[in-house]
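**Student:** Return a 3D structure for these sequence lines:
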Amino acid sequence: MNAAPALAAALRDVVACLGIGLLLAAARDALGLLLGNGRVRCFAWDLAAFAGAAVLLCGFVAGASSSGVMRWYMAAGLGAGALGWQWAVSGLLHRLAGGVRRAAVWPLRRLRRARAVRLPGPGGKKTGKKSKNVTKQKKLLQTDREILYN
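**Tutor:** Here you go, the predicted structure:
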């Protein structure tokens, strides 16, 4: 069993893992914004983020960690970074992206509404009203004399 690293070295590892978690959550959010967030896609992005977290954490431990051994606080720092992104930045980013999307589509919607204006019917009259010269149809019910009973 390896000895525990000094407190300053452990804090450096936690801060580095916190940054890795933030970057990983940002990449997952960017995938969702660019390619969509349906049920299956969301599952695929989450699975890719989970696998990416495992690979990045193992790579950090092997290359830059002060102890060279994976510790629980490294995984906790990575998770805290991802949750921090989700709680602090993700909602604002999605609202901003929605506003940009609405601003980009606005001229097209205005053009479609302008083309969808109904033109007046024949003779320049409004299409919603009935004309006066339409005769009422006669009721086609049988009279009592003509009804046959079996």
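**Student:** what secondary structure does residue 109 sit in?
**Tutor:** Recorded secondary structure, residue 109: helix (DSSP: H, G, I helix; E, B strand; the rest coil).
**Student:** cool, and the one 3 residues further on?
**Tutor:** What three-state DSSP gives for residue 112 is helix.
**Student:** Can you mark which positions in stretch 23-42 are buried?
**Tutor:** Buried positions in stretch 23-42, judged by neighbour count with 16 or more other CB atoms under 10 Å: 24-26, 28-29, 31-33. (C-beta placed from N, C-alpha, C; glycine too.)
**Student:** In helices, which of those residues fall?
**Tutor:** Among the buried residues of stretch 23-42, DSSP state H puts 24-26, 28-29, 31-33 in helices.
**Student:** one step back: any idea which of the buried residues of stretch 23-42 is closest to residue 109?
**Tutor:** Residue 109 has its nearest neighbour among the buried residues of stretch 23-42 in residue 33, at 21.1 Å by CB to CB.
**Student:** who are the neighbours in contact with that closest one?
**Tutor:** 93-94, 97 (CB atoms under 8 Å, 6 or more residues apart in numbering).
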